[in-house]
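**Q** got a predicted structure here, sequence first:
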Amino acid sequence: MQAEARRFCQLAAVLLALATLIGAAGAHALKGSLSTDRYDVLQTAVHYQFFHALGLMALGVLLDRLPRRALRMACWLLFAGVLLFCGSLYLLLAGAPRLIGALTPVGGLALIAAWCTAAIGLGGRAAADGNA
């Protein structure tokens, strides 16, 4: 596996491990101490982290087979999106200032942009010649 593709798969594996850890902590240690609304926020962050980390793993594997600029950009956008979206929710739950919440929609936009960029990288004429 090419180094860059392997790096994205490694980042995805770390994100998956952290999502498992945070999800387990939330289910076992924090559920009783969080309000229903705050527990729902935690579950949203964990779910988004799981799904997008799995997506990052898949894109890393695809990047190894199709070394395209758009797929590389999609990987970085996914990673940044998870950090910003999920990370800001975790920080808010940990007591960070509400201003941190401004990062959540930025992260969401990065996740959307990642999947749109992946679609571009996987299709069309530009993708076929390896330049997308």
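**A** Structure's in. What do you need?

**Q** so, low pLDDT: which residues of the protein?
**A** Scanning the chain for pLDDT under 70 picks out 124-132.

**Q** looking at it, S88 is touching L99, isn't it?
**A** No. If you go by CB atoms under 8 Å, S88 and L99 don't touch, sitting 10.0 Å apart. For the C-beta atoms, the positions are set from N, CA and C on the backbone; glycine is no exception.

**Q** the more surrounded of these two?
**A** Each of S88 and L99 has its neighbours counted (other CB atoms under 10 Å); S88 has more, 22 against 9.

**Q** got the buried residues for the host helix or strand of A17?
**A** Assessed by DSSP states H and E, A17 sits inside helix 3-25. Within helix 3-25, the residues scored as buried using 16 or more other CB atoms under 10 Å are A5, F8, C9, L11, A12, L15, L16, L18, A19, I22, G23.

**Q** and the contacts of that helix?
**A** Under the contact criterion CB atoms under 8 Å, 6 or more residues apart in numbering, helix 3-25 has outside partners 1, 42-43, 45-46, 49-50, 52-54, 56-57, 59-61, 63-64, 67, 72, 75, 79, 82, 90.

**Q** with stretch 60-74 instead?
**A** Under the criterion CB under 8 Å, 6+ apart, residues 1-2, 4-9, 11-12, 59, 75, 114-115, 117-118, 120-122, 127, 130-132 lie in contact with stretch 60-74.
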